[in-house]
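Peer 1: Below is the sequence, then the predicted model.
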Amino acid sequence: MKYVERVLENLKKQNPNEPEFHQAATEILTTLAPVVEQHPEYEAAGLLERLVEPERVIMFRVPWVDDGGKVRVNKGYRVQFNSAIGPYKGGLRFHPSVNLSIIKFLGLEQILKNSLTGLPIGGGKGGSDFDPKGKSDREVMAFCQSFMTELYRHIGADTDVPAGDIGVGGREIGYLFGQYKRIRDEHVGVLTGRGLSYGGSLVRTEATGYGLVYITEEALKARGDSLKGKTVIISGSGNVAIYACQKAQSLGAKVVAMYDSNGYIYDPNGIKLDIVKDIKEVKRGRIKEYAQRVSGATYTEGCSGIWNIPCDVALPCATQNEIDENSARALVKNGVKLVAEGANMPSTLEAIEVFQKNGVVFLPAKAANAGGVATSALEMAQSSGRMFWSFEEVDEKLKEIMSNVYRNIDGAAKEYGFEGNYVMGANIAGFIKVATAMMAHGIV
Ligand code: NDP
């Protein structure tokens, strides 16, 4: 049995009941086979076995009191996966579906994504099964303070720098930072995605969505095309989805559909983003209100039907496994030309195969959504240097980073004989830097 297959088989045996982690590891390791075959020293150094085993997993109890005076207990996680190229970096997710498997899949992906940005950041991820939806601000604050009362021991500006993810936006980062500062008496860049009044960076809020659209435009440009006049579907209506929509519209695309976890809206005249922002960002409401406020728009319960709407470009920006094989087939049948992943692992392995077999340009998450973490690293640089860059300056750097990411994944795919296969390109390009650093550090 080949090295990669052996490592995968062992991983599944040693980590049973972690399907998302198996899925991410399978996608990554199978594409690394050509590199590993060229470097027998990796096997001798147990490099892949070490890559898939987190350096540290922290799991903890998060007790808090709700508005009715009832004691609630949630699970807290931080997986410090790999620090070969820099301090652990990766978001915190607060969502009822969070478990160790999901945090580990996200952490493993994060190692290669962070490497692809070209910046010195290692991989980590964390979160809780706490659901901020429907909670009062005081309840969210109580939870965040309790969460940080344990987490503060394990993080630091040069050790591990968490950020936001699903369910963790500006409000949550503010409460988490406030508690860290109170306990440690240190005003340092220990979290990114901070508010502009206390050390945040311009463009961080917009970064993942903007970056996704920048790399999409870059891939289209390489094919003599552009987003102008294209019909686009964006799933989700959270942070990534909203700013992907804004940038796509500003480049002349027509976004016709979006969703939240209850159902999707379709607006053939083009989504009015100010209304989506008012519903989701200001009122923390449900997307179905859009159809009540905009004539000509419709709302449908359930999410998967969104992929039956004809489009040129699909940008899944909600959550893992939102596009399965059937949805991928529907997209292909309706003529989709490009799929770029704003969310982490939104396409199943079977869906990716459908895209690749049918000549759809497919930009995987670790490249396509790297703009968020890249801008987090720019926030870290500004914090360390006690500097504050203008919107244009950060946006320009983000654009340059995304165009480098595209060049790197395209180049790596070509170099290894898989031209146009950006799953291979992204995994290989991200892996080489991490592997080189791990080899330099010896067996640690
Ligand atoms: P938000 O919490 O801001 O938004 C998430 C959106 O996805 C919401 O509209 C939510 O609906 C919807 N959603 C969540 N779970 C499901 C589900 N099971 N089915 C259908 N819809 C769902 O999160 P973000 O925008 O920050 O993150 C979205 C994705 O992007 C995640 O995969 C995340 O890991 C990834 N990502 C985020 C980055 C960032 O900078 N924020 C960076 C890189 C990747 P509802 O409103 O009903 O909850």
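Peer 2: Here it is on my side, so go on. Residues are numbered from 1 along each chain as shown.
Peer 1: Just the CA atoms of stretch 301-317, as CSV, please.
Peer 2: Output in CSV follows, covering the C-alpha atoms of stretch 301-317 (Å, rounded to 0.1, in the frame of the first residue of the first chain):
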residue,chain,number,x,y,z
GLU,A,301,-38.3,27.2,2.0
GLY,A,302,-35.2,24.9,2.1
CYS,A,303,-31.8,25.6,0.7
SER,A,304,-30.8,23.1,-2.0
GLY,A,305,-33.2,24.4,-4.6
ILE,A,306,-31.0,27.4,-5.1
TRP,A,307,-28.6,25.3,-7.2
ASN,A,308,-31.3,24.7,-9.8
ILE,A,309,-31.4,28.4,-10.8
PRO,A,310,-29.4,28.9,-14.0
CYS,A,311,-26.2,30.9,-13.5
ASP,A,312,-22.7,31.4,-15.0
VAL,A,313,-20.9,31.6,-11.7
ALA,A,314,-21.7,29.9,-8.4
LEU,A,315,-20.2,31.2,-5.1
PRO,A,316,-21.2,28.9,-2.2
CYS,A,317,-20.6,31.0,0.9
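Peer 1: Report the buried residues of that stretch.
Peer 2: Within stretch 301-317, the residues scored as buried using 16 or more other Cβ atoms under 10 Å are Cys303, Gly305, Ile306, Trp307, Ile309, Cys311, Asp312, Val313, Ala314, Leu315, Pro316, Cys317. In short, each C-beta sits where N, CA and C put it, glycine included.
Peer 1: ok, and the closest non-adjacent residue to the third one?
Peer 2: I take that to be Ile306. Tyr264 (4.2 Å; Cβ to Cβ, 6 or more residues apart in numbering).
Peer 1: Which element is encountered next along the chain beyond the helix or strand containing that neighbour?
Peer 2: Tyr264 belongs to strand 263-266 when elements are defined using DSSP states H and E. Counting by DSSP H and E, the next helix or strand C-terminal to strand 263-266 is helix 273-277.
Peer 1: per-residue confidence averaged over that next one?
Peer 2: Average pLDDT, helix 273-277: 98.
Peer 1: With the flanking residues excluded, which residue is spatially nearest to the residue most central in space within the chain?
Peer 2: Nearest to the geometric centre of the chain sits Asn344, at 4.5 Å (Cα atoms, centre = their mean). Nearest residue to Asn344, sequence neighbours excluded (Cβ to Cβ, 6+ apart): Ala365, at 4.9 Å.
Peer 1: roughly how far apart are that neighbour and Val79?
Peer 2: Going from Ala365 to Val79 by Cβ to Cβ, to the nearest Å gives 17 Å.
Peer 1: ok, these two, which is more surrounded?
Peer 2: Per other Cβ atoms under 10 Å, whichever of Ala365 and Val79 has more neighbours is Val79, with 26 against 23.
Peer 1: Any residue of stretch 299-310 touching the ligand?
Peer 2: Yes: counting by Cβ under 6 Å from any ligand atom, the ligand is contacted by stretch 299-310 at Cys303.
Peer 1: how long is that stretch from one end to the other?
Peer 2: 16 Å (Cα to Cα, to the nearest Å).
Peer 1: those strands in this structure, which residues are they?
Peer 2: 56-65, 71-82, 88-94, 122-128, 160-163, 231-235, 254-259, 263-266, 298-301, 313-316, 338-340, 361-363 (DSSP state E).
Peer 1: Out of the ones you listed, the one nearest Glu150 is which?
Peer 2: Closest to Glu150 of these, according to Cβ to Cβ: strand 56-65, at 4.4 Å.
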